[in-house]
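Visitor: Coordinates for the following, if possible.
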Amino acid sequence: MTPLEVQNNKDEFIRIYRENIKREGSEELLNWILKTDFFTAPASTRYHYACEGGLCAHSLSVYHTLMEKHFDAENDDIESFTISSLLHDLCKAMFYKESTRNVKNEETGKWEKVPYFTIEDQFPYGHGEKSVFLIERKMRLRLEEAMAIRWHMGGFEEGGGFAISQAYDKYPLAVKLHLSDLESTYLREKGTSDINRK
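Guide: A predicted model of the protein is given here:
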């Protein structure tokens, strides 16, 4: 991802955030996010958006997928949809460390240093629950938003058991966010990794 693409994604994220989220504490939360590496961090170490700016790009992808596929203007709340999608992976801010590794160039036969991301979690508190915790330090979540963010990874989430099923049965936003995250990660973002371009 080019520096211009990273900046454009940051600008789009902030614009959508400020247009759709008016809740008390939202500006304080955004100011905290701006002090982290959220806009330059990768979304993963190897798969989707394993590149500079990938976390913000993934968050926007999930937002657009959720809005295109599941938002009903008459029945759904745009603020809840925006919070859930843009902030579902807030747990990945200050989570990755950039390093380098040696990879053999197939054309030249020489070894070259290439960027590589490793996990260096400064606050190991889980995944979805960590995002909920970080958001709620500045801004209160509605119950359906907290459930959607907590269980957005579905069966990939540790310790779910029957709780995931109950959350999905009771809170439609949780199902919609999970489906949007899956589609974004495995379909829309295929080939976006600097590490693994398969």
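Visitor: Now stretch 138-154: buried residues?
Guide: Of the residues in stretch 138-154, 138-139, 141-142, 144-154 count as buried by neighbour count, 16 or more other CB atoms under 10 Å. To be clear about C-beta, it is placed using only N, CA and C from the backbone, and glycine gets the same treatment.
Visitor: Quick one: mark the members of these that sit in helices.
Guide: 144-150 (DSSP state H).
Visitor: Can you lay out the residues you listed as TSV showing distance to Asn105?
Guide: Shown next, in TSV, are those (distance: CB to CB, whole Å):
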residue	distance to Asn105
Glu144	50
Glu145	46
Ala146	47
Met147	47
Ala148	44
Ile149	41
Arg150	43
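Visitor: what's the farthest-apart pair in those residues?
Guide: The span of those, defined through CB to CB, is set by Glu144 and Arg150 at 10.6 Å.
Visitor: shared neighbours of these two, anything?
Guide: Residues touching both Glu144 and Arg150 (CB atoms under 8 Å, 6 or more residues apart in numbering): Ala174.
Visitor: Can you name the helix or strand that Gln122 falls in?
Guide: Assigned by DSSP states H and E, Gln122 falls within no helix or strand.
Visitor: could you list every residue that touches the residue lying closest to it once chain neighbours are set aside?
Guide: Closest residue to Gln122 apart from its sequence neighbours, by CB to CB, 6 or more residues apart in numbering: Met94 at 5.2 Å. Residues near Met94 by CB under 8 Å, 6+ apart: 36-37, 41, 122-123.
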